[in-house]
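Novice: would you be able to build a 3D model of this:
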Amino acid sequence: MSKHKRRRERRQKYYQMLAAELAMDKGDKMFINRVISTLNHRGLDYAPDGHPIKSDFWGFVESRRQSDIQTARAGSFLVEKAIGQIQVKPA
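Specialist: Numbers count the residues shown, from 1 in each chain. So this is what the prediction gives:
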């Protein structure tokens, strides 16, 4: 399998993991914590296979916009909510 196909499949599994997380009870809190955690780790998140992956929450929202509008709206709202919760500590 080519490198690009493996990367595309890995990204799809990551998006499926995010969608499943949103569908769970208390998934919104977990999703917000995931967004904040990735910001603390320079944009890296953990894929279902346990390896680091570059997070792409807006890509997740865009990929769901056509097929699952409710999940797309929830993801968009929660990303914006997580960004709004961030506070910069004075130096």
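Novice: which pLDDT value goes with the spatially most central residue of the chain?
Specialist: Most central in the chain under C-alpha atoms, centre = their mean is Phe57, positioned 4.2 Å from the mean C-alpha point. Phe57 is assigned a pLDDT of 87 by the prediction.
Novice: just Ala23 next, same as before
Specialist: 85.
Novice: about what we covered before: the residue nearest to the centre of the chain contacts Val79, correct?
Specialist: Yes. The criterion here is C-beta atoms under 8 Å, and Phe57 meets it with Val79 at 4.9 Å. The way it works is simple: take the backbone N, C-alpha and C, and place the C-beta from them, glycine included.
Novice: between those two, which contacts overlap?
Specialist: Residues within reach of Phe57 and of Val79 at once, by C-beta atoms under 8 Å, 6 or more residues apart in numbering, are Val35.
Novice: quick one: contacts for Phe57?
Specialist: Residues in contact with Phe57 (C-beta under 8 Å, 6+ apart) are Leu18, Val35, Gly75, Val79.
Novice: list the buried residues of the single longest helix found in the chain.
Specialist: Criterion DSSP state H: the longest helix present in the chain is helix 3-23. Residues of helix 3-23 classed as buried by neighbour count (16 or more other C-beta atoms under 10 Å): Arg11, Tyr14, Tyr15, Met17, Leu18, Ala19, Leu22.
Novice: one more: stretch 41-48?
Specialist: Neighbour counts over stretch 41-48 (16+ other C-beta under 10 Å) mark Asp45, Tyr46, Ala47 as buried.
Novice: dump it to PDB, keeping only the CA atoms.
Specialist: This file holds the C-alpha atoms of stretch 41-48, laid out as PDB (Å, rounded to 0.1, in the frame of the first residue of the first chain):
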ATOM      1  CA  HIS A  41       1.500  19.300  22.900                       C
ATOM      2  CA  ARG A  42       2.200  21.600  19.800                       C
ATOM      3  CA  GLY A  43      -0.700  20.200  17.800                       C
ATOM      4  CA  LEU A  44      -0.100  16.500  18.300                       C
ATOM      5  CA  ASP A  45      -2.800  14.100  19.300                       C
ATOM      6  CA  TYR A  46      -2.800  10.300  19.600                       C
ATOM      7  CA  ALA A  47      -4.400   8.200  16.900                       C
ATOM      8  CA  PRO A  48      -6.300   5.000  17.700                       C
END
